[in-house]
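In: Sequence and computational prediction follow.
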Amino acid sequence: MYIKYRTPIIILSLILIFISCESDEYKVPEANTAFRNDCIKRTLGPNVVGLDIEFAYAMALGYDRGKILSAEATASIPGEADTYLEHHSFHTNNSGNDIGVVIAEPSVTSGNTTRITFTKDTCAATLRYFYKIPESARGKSVSFTFSSTASTGESVSYEMGPYQIAKMDMKREIVLSNDNKCYFSIADMEIYNETEALSRADKIDLVYLYKSIPGITFNHALVSPNANAEFLQGKIIPSGINSSTLIQKTYGLRDRHLARLQFGEYVDDKDFETLNISDAPNYSIDLRAEYGIWVQTADNKYRAYIYVNSVNNNARTMTISIKRYLM
Amino acid sequence: MKKYSILILLIATCLQSCYDYPIDEDGLLITDRAECYVSNFELLGTDYQTVRTKNAVIDTVAQTIDVEVRWGTDLKKLWPQFSLVTDAKLEPKITSWTDFSNLSSPKRWVVISGNRKVRKEYTVNITVQQLNP
């Protein structure tokens, strides 16, 4: 059998080899030269009043078809005064760094719209848009429309959102001092000395203490003004300051807004809405950097998360940042 | 002879694969082990850090666990963690924070051996570190 079919098999094999070796001629794909755009949201986590929402808005036109004339971003709720559209176009170099090239005059904001007019003859750009979240957007949702026009008469636009703006407030880097400013008000998100605290006694929720007790891990503490005397460690609280704030200690919740570390963890409105610390004590001792406390004011008007940025045993100080939610 | 050997091997394989290992109501394997004791004990606060001042004292004869917690510990919200001998399990299961604030009424857990035939009740006695030791 082998002898009988040898010749046809050889011929068939050769044909197959020739056919399989034939290749289609490669053609460089034609680029889409129509005016197009795209957008991504760069910021993560909850959108807190006072912070930016950052977008990267990209637009491109065929190389030999014309140039981009203008770009604009329109927010459904006008941003704060610091809202702007970058007049640099960014690209990422081989080292991973963003390199900016000036392509327009600084942006101009009028009402809801922030606009730039290109001064460089360019057919492609990626612009950053920084929307400073205004007080008027608290608890609402905000949407954005990005658009651009080209010398060809074409225009493009891109819708982003809606994005929910958090109800909570935030304040960072508040320094508490055992020897001076040790009375903290959650309502004001402010630290006071004794004289200042007396004038707003009903608003004082926490007292900061530092004490080194041999054999006991007390050190840096946040205590309710009317906590058991042993937790006040001899601190005389002026009469009238007597709130009992619920406090639950936690560790490792390094909210990125408060800690400004690399961890992608965020405390959001939902956390406050579902927080249940009704059986928590009214003191928290031995607080250290990267610890935090969940807090509920005596009148349950506010819930808060206080993050400990740093402590200093020698100066007897503690630096905190707070997110606060009005119930 | 060869044919019978293959047949026997097939039957043996089937019997082996069909053997039903016993499991308990939690889906855990019931084994032959009769050992029944706690080998380690941990107690965590709301920050998921230990609240012990030193290692817990486990008496496997008296079936007690004595733990001293730091002064200022919130006893209402603690999370006990038991390490048990191999194949043993704990009853009741620990699925949430435990309130230890009533020091005069210590909490109790039952350790059940791997063969589910031996049950030993352990009492967890908590003392709080004194401010002026």
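Out: Looks like it came in fine. Here the structure is a predicted model, which means the values were calculated and not measured.
In: Next to chain A, which bits of chain B? Give me the list.
Out: Within chain B, the positions adjacent to chain A are B:45-49, B:70-72, B:74, B:76-77, B:129, B:131, B:133 by Cβ under 8 Å from any Cβ of the partner chain. Bear in mind the C-beta positions are built from the backbone N, C-alpha and C, glycine included.
In: Just give me the neighbour total for the residue lying closest to B:Phe41 once chain neighbours are set aside.
Out: Closest residue in space to B:Phe41, ignoring its immediate chain neighbours: B:Ala56 at 4.1 Å, by Cβ to Cβ, 6 or more residues apart in numbering or on different chains. By other Cβ atoms under 10 Å in any protein chain shown, 19 other residues sit near B:Ala56.
In: The one 10 residues further on too?
Out: Neighbours of B:Asp66 under the rule other Cβ under 10 Å: 16.
In: who touches the strand or helix carrying it?
Out: Per DSSP states H and E: B:Asp66 is located in strand B:64-69. Residues from elsewhere that reach strand B:64-69, judged by Cβ atoms under 8 Å, 6 or more residues apart in numbering or on different chains: B:38, B:41, B:43, B:51-54, B:56-59, B:75, B:78, B:122-129.
In: Quick one: residues contacting the residue nearest to B:Phe41.
Out: Contacts for B:Ala56 (Cβ under 8 Å, 6+ apart) come out as B:Asn40, B:Phe41, B:Glu42, B:Leu43, B:Ile65, B:Asp66, B:Val67.
In: so which of the residues of chain B next to chain A comes closest to chain A?
Out: Distances from chain A to those, taken as Cβ to the nearest Cβ, are shortest for B:Asp47 (3.7 Å).
In: what's the closest non-adjacent residue to the closest one?
Out: Leaving out its chain neighbours, the residue that sits closest to B:Asp47 by Cβ to Cβ, 6+ apart is A:Tyr251, at 3.7 Å.
In: same deal with A:Val156?
Out: Counting by Cβ to Cβ, 6+ apart, the residue nearest A:Val156 is A:Asn37, at 4.3 Å.
In: does whichever residue of chain A sits closest to chain B have beta-bridge partners, and which?
Out: Residue nearest to chain B within chain A: A:Tyr251 (3.7 Å; Cβ to the nearest Cβ). Judged by DSSP bridges, the bridge partners of A:Tyr251 are A:Tyr291.
In: do A:Ile40 as well
Out: Here A:Ile40 sits in beta bridges with A:Ala56, going by DSSP bridges.
In: before we move on, the earlier item: which helix or strand lies directly C-terminal to the strand holding B:Asp66?
Out: strand B:79-84.
In: and that following strand, which strands flank it?
Out: Here strand B:79-84 has these sheet partners by DSSP bridges: strand B:38-44 (antiparallel).
In: How about the secondary structure of the residue nearest to A:Val156?
Out: With DSSP: H, G, I helix; E, B strand; the rest coil as the basis, the three-state label of A:Asn37 is strand.
In: What is the burial count for it?
Out: Burial of A:Asn37 is recorded as 20 neighbouring residues (other Cβ under 10 Å).
In: Tell me who's in contact with it.
Out: A:Tyr57, A:Ala58, A:Met59, A:Ala60, A:Phe146, A:Ser147, A:Ser148, A:Val156, A:Ser157, A:Tyr158.
In: What of A:Val175?
Out: With contact set as Cβ under 8 Å, 6+ apart, A:Val175 has these partners: A:Lys181, A:Ile191, A:Thr317, A:Met318, A:Thr319.
In: Output the host helix or strand of it as CSV, nothing but the C-alphas.
Out: Assigned by DSSP H and E, A:Val175 falls within strand A:169-177. Extracted in CSV, the C-alpha atoms of strand A:169-177 (Å, rounded to 0.1, in the frame of the first residue of the first chain):
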residue,chain,number,x,y,z
ASP,A,169,-17.2,66.8,56.0
MET,A,170,-13.5,66.4,56.3
LYS,A,171,-10.7,68.2,58.1
ARG,A,172,-7.0,67.2,58.2
GLU,A,173,-4.0,67.7,60.3
ILE,A,174,-5.5,69.0,63.6
VAL,A,175,-2.8,69.1,66.3
LEU,A,176,-4.0,68.3,69.8
SER,A,177,-1.9,69.3,72.8
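In: Please see if stretch A:308-322 touches chain B.
Out: No. Against chain B, stretch A:308-322 shows no contacts by Cβ under 8 Å from any Cβ, the least distance being 11.3 Å.
In: how far does that stretch sit from the chain's center?
Out: 23 Å (Cα atoms, centre = their mean, to the nearest Å).
In: Look at it and report the distance between its end residues.
Out: 9 Å (Cα to Cα, to the nearest Å).
In: How about stretch A:176-189?
Out: First residue to last in stretch A:176-189 (Cα to Cα) measures 12 Å.
In: Pull the residues that contact that stretch.
Out: The contact list for stretch A:176-189 (Cβ under 8 Å, 6+ apart) reads A:169, A:171, A:174-175, A:190-194, A:196-197, A:200, A:203-210, A:222, A:225, A:241, A:245, A:295, A:297, A:301-302, A:304, A:315-320, A:322, A:324.
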